[in-house]
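Colleague: here's a sequence, model it:
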Amino acid sequence: MEAHGGGLRRILVLAFCVAGIWSAYIYQGILQETL
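Modeller: Model prediction:
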C-alpha cells in the first residue's frame, strides 16, 4: 500500500510539473504575441 501511495504521489508530482511547464510555455507565447 505504501508503494502504491508513493507511485500515486509520483504521478501527481509529475503531472503538476508538466502542467507548470505547459502553463509557462503558453504564457510566454501569449506574452510574445501581445508584445
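
Colleague: shaky segments in the chain?
Modeller: For the chain, the stretches with pLDDT under 70 are 1-3.

Colleague: where do the helices of it begin and end?
Modeller: 2-34 (DSSP state H).

Colleague: any idea how far residue 21 is from residue 27?
Modeller: For residue 27, the distance to residue 21 (C-beta to C-beta, to the nearest Å) stands at 11 Å. The way it works is simple: take the backbone N, C-alpha and C, and place the C-beta from them, glycine included.

Colleague: an error on my part: the question was meant for residue 28.
Modeller: Taken as C-beta to C-beta, the span from residue 28 to residue 21 is 11 Å.

Colleague: so what's residue 33 up against?
Modeller: Residues near residue 33 by C-beta atoms under 8 Å, 6 or more residues apart in numbering: none.

Colleague: gap between it and residue 24?
Modeller: The value you get for residue 33 to residue 24, if C-beta to C-beta is used, is 15 Å.

Colleague: please apply the same query to residue 5.
Modeller: 29 Å.

Colleague: same question for residue 31.
Modeller: Following C-beta to C-beta, the distance that separates residue 31 from residue 24 is 10 Å.

Colleague: swap in residue 15?
Modeller: From residue 15 to residue 24 the distance is 15 Å (C-beta to C-beta).
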